[in-house]
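Undergrad: All I have is the shape, not the residue letters:
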């Protein structure tokens with residue numbers, strides 16, 4: 001599905017068709033089983049998406065939804081980011097209720113794993129969840145907030161149609177039963193727009209969320225697609241997601257001397273497929289950058 005709007009300005013159909021063709025060519029050339037790209041440009045007030053309503057396994061991009069749920073609870077006064085939380089590695093499965101743990105080999109952040117049995121501040125856990133994609137931090141925060149409370153926050157904010165949060169990460173029994181977190185490219189763009197536009201929470205809370213998202217340590221996707229000469233002066237508030245069958249990146253690109261744009265790039269792959277998945281996301285990011293850079297402010 002192809003969607004486009006430009007807030008009253010006309011974007012040439014030729015440019016739209018060219019971008020779509022380029023995205024499909026990049027994905028096809030890399031051997032991707034599926035792809036979706038969506039963006040919103042604040043400079044031209046242009047929204048565009050290619051298969052933006054197609055569902056993908058969320059992988060770690062779902063952690064942005066957990067972050068939204070966390071800050072919704074903070075805004076409600078349920079707890080504060082400075083509060084301390086006991087670090088444990090035992091969770092109940094969403095499908096069968098059986099206990100499971102996050103294997104160290106399945107967590108990108110050893111610091112939280114090393115803190116089991118100790119206390120960590122909630123705000124610090126949030127940083128680990130996003131910056132280094134800690135699975136253990138994610139499940140601790142989701143347990144604290146509650147899955148249904150986080151889902152309700154997404155519904156209240158009007159983005160539940162494109163973000164489906166149903167369980168913690170690494171819940172293999174739930175995955176085997178077909179119970180997975182899912183996202184669409186349009187859904188992730190909507191979430192990042194809420195944060196950037198300070199429409200979800202207070203300006204202070206929104207700023208804190210963006211500061212956490214700016215600390216993303218994995219930068220081989222969207223940032224790598226921005227030309228090096230521009231990238232050094234640009235900023236990125238984003239979240240990656242990767243597992244055996246998907247590689248994603250979504251977030252906000254702050255370009256020098258220009259309003260930012262929000263972009264979501266989702267790709268699906270056959271198990272054990274190409275080793276060029278991150279490079280493909282970067283190439284798709286470059287295609288979007290070149291298109292957005294040519295839009296009139």
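TA: Structure's in. What do you need? Quick caveat: nothing in here was measured; it's all calculated off a predicted structure.

Undergrad: Check which helices and strands the host helix or strand of residue 18 sits against.
TA: Per DSSP states H and E, residue 18 falls inside helix 13-30. Counting contacts by 3 or more C-beta pairs under 8 Å, 6 or more residues apart in numbering; DSSP states H and E, helix 13-30 packs against strand 2-5, strand 34-41, strand 46-50, helix 277-293. Bear in mind the C-beta positions are built from the backbone N, C-alpha and C, glycine included.

Undergrad: Dump these to CSV, plus distance to residue 56, mean neighbour count and mean pLDDT.
TA: As requested, the helices and strands packed on helix 13-30 are exported to CSV (distance: least, C-beta to C-beta, whole Å; neighbours: other C-beta atoms under 10 Å; pLDDT from 0 to 100):
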stretch, distance to residue 56, mean neighbour count, mean pLDDT
strand 2-5, 17, 13, 61
strand 34-41, 7, 24, 97
strand 46-50, 13, 22, 94
helix 277-293, 13, 21, 95
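
Undergrad: Rebuild the ones you listed as JSON lines, extending it with distance to residue 248.
TA: Below are the helices and strands packed on helix 13-30 laid out as JSON lines (distance: least, C-beta to C-beta, whole Å):
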{"stretch": "strand 2-5", "distance to residue 248": "19"}
{"stretch": "strand 34-41", "distance to residue 248": "9"}
{"stretch": "strand 46-50", "distance to residue 248": "15"}
{"stretch": "helix 277-293", "distance to residue 248": "7"}
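
Undergrad: Residue 159 is nearest to which of these?
TA: Nearest to residue 159, of all the helices and strands packed on helix 13-30, is strand 34-41, at 12.8 Å by C-beta to C-beta.

Undergrad: Quickly list the domain ranges of the protein.
TA: Domain assignment for the chain by automatic domain parsing gives 1-54+184-297, 61-157.

Undergrad: Tell me which of those sits nearest to residue 178.
TA: Closest to residue 178 of those, according to C-beta to C-beta: domain 61-157, at 8.9 Å.

Undergrad: what about the closest one, how long is it end to end?
TA: 18 Å (C-alpha to C-alpha, to the nearest Å).

Undergrad: Stretch 104-111 now?
TA: Terminal-residue distance, stretch 104-111 (C-alpha to C-alpha): 10 Å.

Undergrad: Please, where are all the strands along the protein?
TA: Taking DSSP state E, the strands of the chain run over residues 2-5, 34-41, 46-50, 56-57, 84-86, 91-92, 99-100, 119-121, 163-164, 182-183, 235-242, 246-254, 261-268.

Undergrad: Now that residue 262 has come up, it's in contact with residue 194, right?
TA: No: judged on C-beta atoms under 8 Å, residue 262 makes no contact with residue 194 at a distance of 10.1 Å.

Undergrad: the more surrounded of these two?
TA: Neighbour totals were compared for residue 262 and residue 194, and residue 262 leads with 25 against 19 (other C-beta atoms under 10 Å).

Undergrad: Look up which residues are beta-bridged to that one.
TA: In this entry, residue 262 is beta-bridged to residue 40, residue 252, by DSSP bridges.

Undergrad: Geometric centre of this structure: which residue is closest?
TA: Compute the mean C-alpha point of the chain, and by C-alpha atoms, centre = their mean the closest residue is residue 61, 3.4 Å away.

Undergrad: separation between the closest residue to that residue other than its chain neighbours and residue 60?
TA: Excluding the flanking residues, the one nearest residue 61 by C-beta to C-beta, 6 or more residues apart in numbering is residue 241, at 3.8 Å. Residue 241 sits at a distance of 4 Å from residue 60 (criterion: C-beta to C-beta, to the nearest Å).

Undergrad: overlap in contacts of these two?
TA: Counting by C-beta atoms under 8 Å, 6 or more residues apart in numbering, the contacts common to residue 241 and residue 60 are residue 248.
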